[in-house]
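A.B. asks: whatever this is, show me its structure:
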Amino acid sequence: MSFDLTSPITGAAQTGFTSPTYTLVADTPPNASNSKQWAVTALGGTQTGVAPHSVAKPFTISVFKPVRLATLPSPNPVTGVVKNIPSNNYKVITRKGASPYEGGNDLVMNITTVISIPAGVDTYEPEEIRAMLSAHIGALNQQSAGMGDTTVTGILG
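C.D. replies: All right, here's what the predicted structure looks like:
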């Protein structure tokens, strides 16, 4: 199965939001050969003051795969050691426009998650990749409101 968001997506808990949902439509990605993108065209639940995607205030989710997938190089025939193992880097970027003050120009905020997998792990220990992703996404989901509070207040506490 590939990465393919289905609409709507349910947002994670945030202080002041009630049952947030986001309606998506496919959008033109930055590079059609190795990425996909969706724009948030409608909002559900209670998210007072939040705007869906527009030219002036973008709200997009993009996913990227490597342009060329790296493979594990051959081991040294004498030592059996594999040196300089390349990594395949995948990215998920969420962009959201917002104004820093009343009447100010909208600026783009972003979240970038980079998933770096050394070549060969995908075939030798794919379960380790899945465990890493499960824990990472689970931690982000569990602490969504805490991350929101921390980024608004600056208190990591």
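A.B. asks: what about the strands in this protein?
C.D. replies: 9-10, 18-27, 35-46, 59-64, 87-98, 107-118 (DSSP state E).
A.B. asks: orientation of the fifth one relative to strand 35-46 in degrees?
C.D. replies: This means strand 87-98. Strand 87-98 and strand 35-46 are oriented at 40 degrees to each other (axes from the mean of the first three to the mean of the last three CA atoms, to 10 degrees).
A.B. asks: so who does the most centrally placed residue in the chain touch?
C.D. replies: Most central in the chain under CA atoms, centre = their mean is residue 92, positioned 3.0 Å from the mean C-alpha point. By CB atoms under 8 Å, 6 or more residues apart in numbering, the contact list for residue 92 reads 61-64, 112-113, 115. Any C-beta I mention is one placed from the backbone N, CA and C, and that applies to glycine too.
A.B. asks: ditto for residue 115
C.D. replies: The contact partners of residue 115, by CB under 8 Å, 6+ apart, come to 89-92, 133.
A.B. asks: out of those residues, which is nearest to residue 155?
C.D. replies: Of all those, residue 155 sits closest to residue 92, with 26.4 Å by CB to CB.
A.B. asks: quick one: pLDDT of the residue nearest to residue 4 when sequence neighbours are not counted?
C.D. replies: Using CB to CB, 6 or more residues apart in numbering and skipping the chain neighbours, the partner closest in space to residue 4 is residue 36 (7.4 Å). pLDDT, residue 36: 93.
A.B. asks: was I right about residue 36 contacting residue 29?
C.D. replies: Yes. Residue 36 lies in contact with residue 29 (CB atoms under 8 Å); the separation is 5.4 Å.
A.B. asks: which ones are touching residue 89?
C.D. replies: Shown in contact with residue 89 (CB under 8 Å, 6+ apart): 66, 114-117.
A.B. asks: how about JSON lines for those residues, with distance to residue 51 added?
C.D. replies: JSON lines is the format used below for the contacts of residue 89 (distance: CB to CB, whole Å):
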{"residue": "66", "distance to residue 51": "33"}
{"residue": "114", "distance to residue 51": "27"}
{"residue": "115", "distance to residue 51": "29"}
{"residue": "116", "distance to residue 51": "33"}
{"residue": "117", "distance to residue 51": "35"}
